[in-house]
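> can you look at this prediction? I've put the sequence above it.
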Amino acid sequence: RYRHGSASSGINAEYGLVQMMSEKCSLPVEQVHVYRDLKDKNPLGNFRTRQSLQNMRLNHGDMLFIKTRIDTPQSTPIAMESEPSSSAGSVILDDVDNKLSKCDGHISRKLNPQLCNHNENGRCVHCSPLEPYDDDYLKENKIKHMSYYSYLKKRKSGSSGKFVQMEDIDCKIKPGCIKHPPWPEGICTQCQPQAVTLNQQDYRHTDFVEFESADIVENFINYWRTTGLQRVGFLYGRYDVEGHVPLGIKSVVSFIYEPPQNSDQKSVEFLDDPYHCVVDNIAKLLGLYCVGWIFTDLQPLSISEGTVKNLRNGKTFFLSAQECIHAAYFQNNYPSPSNLSKLGKFGSKFVTVCISGNESNTIEMFAYQVSNQCMALVRDNILLPAREHPGLAYIKHSTAEQYVPDVFFREKDEYGNVVTKEARPLPVEYLLLQLPTGTPKDGHRPLLPGGVSQPKFPTVNRESLDMEVFKRYYRAQPDDFFLESLSDMNVLFFLHTNDTLSFADNLAEICAAIVAGDRETAQNFKESATWATLEQILAVDTVLTHSNGNTWSCSICTLINDSGKTMCEACGTPKQ
């Protein structure tokens with residue numbers, strides 16, 4: 001036996017034992033070390049020399065154990081393989097993690113005039129600060145899930161809190177076991193993954209989703225309003241401290257990037273995106289990163305009244321199993337760094353936002369995350385959507401290619417007893433965490449406000465972008481608001497990717513001025529030779545487009561219409 005399985009063979013007296021083992025097990029000769037038992041305490045003498053089996057005390061049917069290692073005195077047998085660990089010092093935490101890890105999170109309370117019998121400098125059980133995970137406080141303030149750092153405080157408050165380590169469940173066989181042939185021929189308790197009992201997670205990594213401006217969402221929904229088709233996009237922003245939840249974290253969304261996609265009235269299909277890295281680079285220059293994804297699920301109820309159908313509720317589903325799997329896939333791609341995990345990561349702050357109809361038949365945003373257990377099930381490729389209902393998932397069965405551990409969940413039966421059931425099927429409510437959403441109060445300046453005058457610059461991947469479109473947008477903006485005219489992700493994307501005159505080398509300067517709100521730097525850039533070249537191009541009356549002459553662009557909303565149309569299909573503006 002060796003670490004990849006077992007092999008059997010006869011031995012030719014004219015052929016060395018070690019050479020036979022090397023070829024049979026596909027191992028280098030110098031790394032073959034033979035023992036009579038698994039504990040490596042009974043080596044097979046001088047087995048590299050040619051001698052008879054009788055002299056080596058080998059009989060028919062004897063089993064030998066091969067350890068592969070470098071032949072040095074300091075060498076040790078190869079142990080079972082595991083994923084690489086990460087030391088705490090090498091993990092680079094997010095800025096918000098660095099802030100919250102240094103906070104105690106205590107919730108201060110005022111003196112109770114009826115119960116407190118001490119002066120203002122004293123403290124008693126009625127006015128002493130509460131812990132951030134206090135159940136009564138969370139219920140009183142209608143906080144359904146405690147924050148992640150409150151959960152850590154709770155874990156560390158126990159007797160073993162000093163040694164808290166965050167680990168995900170593992171649903172895969174540990175590789176490298178030498179006690180038996182590989183799966184499906186064999187499995188043991190050391191390499192077999194443990195059975196999983198799903199629990200509803202009582203904490204969340206993100207506690208609030210804040211859109212810097214309502215216009216961000218309105219522009220996204222307007223695509224459905226004008227076309228009747230669903231839409232999907234990625235949320236770009238940053239993380240900050242959420243003041244309404246003890247030790248909470250909020251995602252602050254600055255813009256929505258809509259990747260190339262095919263959509264109809266009920267579904268959306270992602271297409272290949274050659275410019276995804278460009279968007280990430282521009283966002284990085286602005287101090288932003290991808291914090292979530294958003295999609296619409298809207299069906300009109302009454303066009304005259306402007307109402308929509310309530311498709312998602314407690315009687316149907318909140319997120320479908322397929323959407324939960326997509327959310328887990330994205331969360332696995334955007335993990336949260338953690339110095340309490342051997343892998344240097346644990347969970348994810350990535351959020352899922354669904355725009356659909358509420359119980360009042362009006363449009364509302366619903367934000368979710370999936371639990372760490374759901375992330376692990378999707379990561380190990382054992383969770384599938386069920387056929388019976390969109391709100392049900394299904395755990396795979398074991399096959400010859402993949403071993404799947406038993407997965408259970410608990411629920412109350414008709415008599416109120418808690419029973420354990422196999423997760424075939426599985427209600428996705430066990431995997432969901434709901435988050436509130438909103439916009440800041442009036443007076444908040446968004447990072448990317450965009451132009452102050454109409455028309456607004458078109459959204460990337462909705463309409464074609466060319467110099468004529470940019471010319472109409474730029475000429476409509478007041479000269480004193482040059483910084484605002486550039487403070488639009490779609491404008492920055494166009495300046496980077498257009499074929500006529502690319503500003504890829506100047507984006508760092510532009511983005512630095514936008515982040516700092518520096519009008520002087522923006523004005524200096526406007527007077528530079530590079531921008532003067534663009535001004536000369538815009539001054540040319542010739543339309544610089546790649547159009548074949550069969551379309552025309554609306555002067556108001558810039559939608560590309562067929563030449564046979566006399567009015568814009570989107571806004572109804574007459575053709576000029």
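Yep, it's here.
> OK, contacts around the residue nearest to the spatial centre of the chain?
By CA atoms, centre = their mean, the mean C-alpha position of the chain lies nearest to residue 331, the distance being 2.5 Å. For residue 331, the contacting residues are 347, 348, 350, 369, 370, 375, by CB atoms under 8 Å, 6 or more residues apart in numbering. Placement of C-beta: from N, CA and C, glycine included.
> wait, which of these is closest to residue 211?
residue 350 (16.0 Å; CB to CB).
> surely that closest one and residue 330 touch.
Yes. Between residue 350 and residue 330 there is a contact at 5.4 Å, judged by CB atoms under 8 Å.
> out of these two, which sits in the busier spot?
Neighbour totals were compared for residue 350 and residue 330, and residue 350 leads with 26 against 20 (other CB atoms under 10 Å).
> the more buried one and residue 316, how far apart?
25 Å (CB to CB, to the nearest Å).
> how about residue 304?
26 Å.
> and the two? Which one has more around it.
Per other CB under 10 Å, whichever of residue 304 and residue 316 has more neighbours is residue 316, with 12 against 5.
> now do the more buried one, the pLDDT please.
Looking at residue 316, its pLDDT reads 92.
> which residues touch it?
Contacts of residue 316 (CB under 8 Å, 6+ apart): 390, 391.
> hang on, the earlier thing: the residue nearest to the centre of the chain belongs to a helix, doesn't it?
Yes. With DSSP: H, G, I helix; E, B strand; the rest coil as the criterion, residue 331 is assigned to a helix.
> which one is it nearest to, not counting chain neighbours?
Residue nearest to residue 331 in three dimensions, not counting chain neighbours: residue 348, with 3.7 Å by CB to CB, 6 or more residues apart in numbering.
> would you confirm that the one you found contacts residue 375?
Yes. Between residue 348 and residue 375 there is a contact at 6.8 Å, judged by CB under 8 Å.
> pLDDT-wise, which helix or strand of this protein ranks last?
Among the helical and strand segments of the chain, the one scoring lowest on mean pLDDT, DSSP states H and E is helix 17-25, with a mean of 64.
> ok, back up a step: what do residue 350 and residue 330 both touch?
Common contacts of residue 350 and residue 330 (CB under 8 Å, 6+ apart): 292, 293.
> and residue 409, how far is that from residue 371?
From residue 409 across to residue 371, the span is 12 Å (CB to CB).
> whoops, I mixed them up, residue 496
38 Å.
> these two: who's more crowded?
More crowded of residue 496 and residue 371, by other CB under 10 Å: residue 371, with 23 against 19.
> and the more buried one, backbone torsions?
Torsion angles at residue 371 (phi, psi; degrees, to the nearest 10) stand at phi -70, psi 160.
> which one is it nearest to, not counting chain neighbours?
Among residues not flanking residue 371 along the chain, residue 201 sits closest, at 4.1 Å (CB to CB, 6+ apart).
> quick one: the one you found and residue 373 touch, right?
Yes. With contact defined as CB under 8 Å, residue 201 reaches residue 373; the gap is 7.2 Å.
> who's more crowded, those two?
Set residue 201 next to residue 373 and count neighbours by other CB under 10 Å: residue 373 wins out with 23 against 20.
> distance of the residue nearest to the centre of the chain from residue 207?
The gap separating residue 331 from residue 207 is 15 Å, by CB to CB.
> what segments of the stretch 151-300 of the chain are strands?
All strands of the stretch 151-300 of the chain, identified by DSSP state E, counting those that start in this stretch, fall at 196-198, 203-204, 208-211, 232-242, 248-257, 261-263, 268-270, 289-297, 300-302.
> identify the residues contacting residue 355.
Neighbouring residues of residue 355 by CB under 8 Å, 6+ apart: 217, 220, 221, 294, 295, 296, 297, 298, 363, 364, 365, 366.
> residue 357 - nearest residue in space that isn't next to it in sequence?
Distances taken as CB to CB, 6+ apart put residue 308 closest to residue 357, at 3.8 Å, once the chain neighbours are dropped.
> just give me the neighbour total for that neighbour.
Residue 308: 23 neighbours (other CB under 10 Å).
> nearest to residue 526 among the contacts of residue 331?
Using CB to CB, residue 350 is the member of the contacts of residue 331 that sits closest to residue 526, with 37.3 Å.
> ok, now which ones touch the closest one?
206, 290, 291, 292, 293, 327, 330, 331, 333, 334, 369.
> report pLDDT for the residue nearest to residue 371.
pLDDT for residue 201: 92.
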